Each structure stands twice: as C-alpha cells, then as structure tokens.
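Asks: after the sequence you'll find the predicted model.
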Amino acid sequence: MDLRIFTEPQQGASYDTLLRVARAAEDLDYSAFFRSDHYLSMGDADGLPGPTDAWITLAGIARETSRIRLGTLMSAATFRLPGVLAIQVAQVDQMSGGRIELGLGAGWYEAEHTAYGIPFPQAKIGRLEEQLAIVTGLWNTPLGETFDFDGRYYTLRDSPALPKPAQAHVPILIGGGGPSRTPALAARFADEFNLPFLSVEDSAAQIARVRAAVAEAGRKPSELVYSSALVVCVGKDDAEVARRAEAIGRSVEDLKANGVAGTPDEAAEKLARYAEIGSERIYLQVLDLDDLDHLALIAERVRPQLG
C-alpha cells in the first residue's frame, strides 16, 4: 500500500510550516505531499496566520524538494477559470521536473466563497465536467495546433494550448461519494479515484460503482488507482495516542471509528481493511503539522507492516 501525506493548511499553517512537512515526508520516503485547496478555516480553528494558495504553495515546494510527488486533494473548480488552471498546473509541473498531480473537484464550501468574493454557482458538476475537458484538452493539443471549446459555461477560441506540463500526462484525481455523476466523470477523465473519509463499507460500494462506470465507458477498471483519504492519529502507546488526539481536538474513540488511529499495530490493521476492498493508496490527513515525529513513527512502525 502506498502512503501519502495530506495536509489541511486552511486550519492554520504558514508556507514555512508546509515546506517543513513536505521535506520531512520526502526524507521519510512517503510517495507524495498533498494539500487541500481552501481559503477559510473550518470548525473552531482560527486559521492563523491566514490562508495559503494551493498552487503558489506547491510551486514553492516544487523548487525545494526533488523526489516527492505533489498535488491537491482537491482543487475547487469554482476558484479558477479552466484555462488559467491549466497554465498554473503546467508551470508548477515544469518547476517540479514532472512531479505534479491534479485533484479537481466541484467546490462545496460556500462560506469561503462569500468571505473572499468568489462566485458560488448552483450548477457546479456541469462546470467541473467542462473544466476537466478543457484542462486535459489544452494539455493534449499537439504543439503548433490550437484548441477550441464550445460549452455551456466556457468557450475557448484559437487557444495556443500552452504551456505544456513536463510530464507527458499529468495524473488527474477525481473523488467523492456521489452514486452516478461522480463515477461517470471518473470513468471519462480520472487516473485515480479518491474516497474521502468514507467507511470501509461505503468505500467498497463506491469502488464497485466506479469500476462499473469505467467498464461501461470502455476502459479497464484496473486503469484507475483507487485511494482513500483518512485522518491519522498514531502513537507508540495509548498515552501517546491520547496526547495526539487531544492536540487536534478529537476523541480517540472518534478517530478509531472514522480514521486510522491507535498503536502502530492497530493502524496497520485498519489500513489492511481498506486494502482488502481495493484501496491501493492512502492519503493520511495530518492535522498537527508541528508534530513531525508522528510522520516518522508511521513510516517506521506502520508502513513496514503493509507490504
């Protein structure tokens, strides 16, 4: 099983903090450092020192790391025009030497749109579908040719479709629990399907729906990577688990029920259950970004048990 580090900077993190976490993840041989794409804190967090932009952050980290893959889980289609997003991601991919992955979602957190004057349309899935078509279409247009698009929400004319990413193909991540439209989008565009904070049972059901949609679209279901995002809280003993749970304002019972929590053996057992239903990759949602020993413990005591 592939383990990746996933952060939620809107809850309160500076660029320097995120860089430290990304460097630690690279040094500990996690395969990727991902971050959310939000501009407003959630729950009781004060969000200090304030939001960081996902793609500006990843551009900086791209120049300060060398091996680890970088991406968003998920960028909001409401935040950026698709042509601009294609340019941003392609440029950061060039800056990283070809280590970028794009997770793109419809956008859902209305309060952050209101707080920063970002339009929050009601018809979000249709816009997401067109954004996916435009971003991938721009990247796939051969050099010297132009790209046109006539959609309900976006129109492009005579686009030079530049710049190109460093990678021949930037992996596209789509995720969610929607029963029909989300699997259909994944079947059309995704290289990876992410199951965000779902139980083992709900994850298994959604993987089955996505695999069926992929097959119906004429692709092999095995072409997609199936992944899960889960909050993590691991300690070498019960006292350390309790301390880490308190630091992020969660109960141990809740974390064990809805995330990956407990001793290294308990965490490995929980991850094995996700592996059994077809989840090949786990994005570990790390909420205390100052606790780098947490990342080291998981790398040293949990990961070796996963094969």
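Replies: It's in.

Asks: which parts of stretch 48-56 are buried?
Replies: Residues P51, T52, A54, W55 are the ones in stretch 48-56 that count as buried (16 or more other C-beta atoms under 10 Å). Bear in mind the C-beta positions are built from the backbone N, C-alpha and C, glycine included.

Asks: just name the closest of those to R23, please.
Replies: T52 (16.2 Å; C-beta to C-beta).

Asks: so which residues of this protein form helices?
Replies: 15-27, 54-64, 82-96, 110-116, 124-140, 181-189, 200-216, 238-247, 252-258, 264-276, 292-297 (DSSP state H).

Asks: in a markdown table: the buried residues of stretch 48-56, plus pLDDT.
Replies: Shown next, in a markdown table, are those (pLDDT from 0 to 100):
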| residue | pLDDT |
| --- | --- |
| P51 | 97 |
| T52 | 98 |
| A54 | 98 |
| W55 | 98 |
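
Asks: may I ask which two of these are separated the most?
Replies: Across the buried residues of stretch 48-56, the two lying at the largest distance from each other (C-beta to C-beta) are P51 and W55, at 12.6 Å.

Asks: and the closest residue to E8 other than its chain neighbours, how far from D53?
Replies: The shortest distance from E8 to any non-neighbouring residue, by C-beta to C-beta, 6 or more residues apart in numbering, is to S36 (4.9 Å). Using C-beta to C-beta, to the nearest Å, S36 is found at 11 Å from D53.

Asks: joint contacts of the two?
Replies: Counting by C-beta atoms under 8 Å, 6 or more residues apart in numbering, S36 and D53 have no shared contacts at all.

Asks: what pLDDT is listed against the closest residue to A106 other than its chain neighbours?
Replies: Closest residue to A106 apart from its sequence neighbours, by C-beta to C-beta, 6+ apart: K124 at 3.9 Å. K124 carries a pLDDT value of 94.

Asks: ok, now the one 3 residues further on?
Replies: Note for R127: predicted pLDDT of 97.

Asks: check A161 too.
Replies: 98.

Asks: so it makes contact with T141?
Replies: Yes: applying C-beta atoms under 8 Å as the test, A161 and T141 come out as touching, 3.7 Å apart.

Asks: comparing these two, which residue is more hemmed in?
Replies: A161 (23 against 17; other C-beta atoms under 10 Å).

Asks: residues in contact with L173?
Replies: 71, 73-74, 101-104, 190-194, 227.

Asks: switch the cut-off to 6 Å
Replies: G103, E192, N194 (C-beta atoms under 6 Å, 6 or more residues apart in numbering).

Asks: distance-wise, check it relative to D265.
Replies: Distance, L173 to D265, using C-beta to C-beta: 30 Å.

Asks: just give the nearest non-adjacent residue to G176, would you?
Replies: T182 (4.5 Å).

Asks: count the neighbours of that neighbour for me.
Replies: 23.

Asks: next: the one 3 residues further on.
Replies: Summarising burial for L185: neighbours were counted as other C-beta under 10 Å, giving 25.

Asks: the closest residue in space to it that isn't next to it in sequence and A213: what is the separation?
Replies: Nearest non-adjacent residue to L185, counting by C-beta to C-beta, 6+ apart: I174, 5.5 Å away. Distance, I174 to A213, using C-beta to C-beta: 11 Å.

Asks: cool, and S75?
Replies: Taken as C-beta to C-beta, the span from S75 to A213 is 22 Å.

Asks: fine by me, thanks again.
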